[in-house]
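*Asks:* Kindly generate the corresponding structure for this input.
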Amino acid sequence: MKTTFGIAVRDGKFLMVYNPKRSGWEMPGGKVETGESFEEGVIREFKEESGLTFIPVVSRQVDAECMMFAGRVERYEGKGEMIWKEFSSLPPDLAFPKCEYEEQIAWAAAALGDE
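*Replies:* Alright, predicted model coming up:
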C-alpha cells in the first residue's frame with residue numbers, strides 16, 4: 001500500500017493534524033488511491049484532513065511505498081476531517097515516535113529554506 005504525507009513549514013512553524021484514531025498529532029497524509037501519483041495523493045489527503053490547499057515544493061522517498069513532501073499552504077478551503085494547528089515545537093501527544101518527526105521537520109525546513 002502506497003502512502004504519502006506533507007510537511008508545511010512557515011516562519012519556523014509546522015502544521016500538524018490531530019488524529020483521534022491514533023490519539024495524537026501527525027502530519028497530514030495517508031493512502032495513495034489507485035491511479036493517483038504520490039503528489040496527487042498528498043494534495044488530496046492534506047485538503048481532506050485539514051481543509052487547506054497544500055503546494056508540494058520538494059519530495060523525499062521514505063521507502064519503496066512512502067513519499068514525503070515539504071511544501072507550503074496556499075489557502076483555506078473549508079473545514080477538514082481533523083483539527084489542525086501550527087507548532088513551533090512538537091506537542092506531547094504524538095501519533096508516532098518523536099524522533100521520526102524531528103528528522104522530518106528538520107529536512108522540510110532545510111529544503112524550504114525555513115530553518
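
*Asks:* Phe46 is in contact with Glu40, isn't it?
*Replies:* No - assessed by C-beta atoms under 8 Å, Phe46 is found out of contact with Glu40, at 11.0 Å. From N, CA and C alone the C-beta is placed, and that goes for glycine too.

*Asks:* Look up how far Gly41 lies from the residue of the chain positioned farthest from its centre.
*Replies:* What lies farthest from the middle of the chain is Gly35; by C-alpha atoms, centre = their mean that is 20.9 Å. Gly35 is 10 Å from Gly41, where distance means C-beta to C-beta, to the nearest Å.

*Asks:* for Asp93, same thing?
*Replies:* Here the criterion is C-beta to C-beta. By it, Asp93 lies 26 Å from Gly41.

*Asks:* More neighbours: which of these two?
*Replies:* Gly41 (22 against 10; other C-beta atoms under 10 Å).

*Asks:* Need the per-residue pLDDT for the more buried one.
*Replies:* pLDDT, Gly41: 98.

*Asks:* Spatially nearest residue to it, not counting backbone neighbours?
*Replies:* In this structure, Gly41 finds its nearest non-sequential neighbour in Val32, 3.7 Å apart by C-beta to C-beta, 6 or more residues apart in numbering.

*Asks:* Which residues are in contact with that neighbour?
*Replies:* 2-4, 38, 40-41 (C-beta atoms under 8 Å, 6 or more residues apart in numbering).

*Asks:* Please check these and keep the buried ones.
*Replies:* Buried members of the contacts of Val32, scored by 16 or more other C-beta atoms under 10 Å, are 3-4, 38, 41.

*Asks:* Name the SS class of the residue farthest from the centre of the chain, please.
*Replies:* Assigned with DSSP: H, G, I helix; E, B strand; the rest coil, Gly35 falls in the coil class.

*Asks:* Against Val62, how distant is it?
*Replies:* For Gly35, the distance to Val62 - C-beta to C-beta - is 21 Å.

*Asks:* got it, and Ala106?
*Replies:* Plainly put, Ala106 is 15 Å away from Val62 if you go by C-beta to C-beta.

*Asks:* cool, Gly80 as well?
*Replies:* Applying C-beta to C-beta, the value for Gly80 to Val62 is 23 Å.
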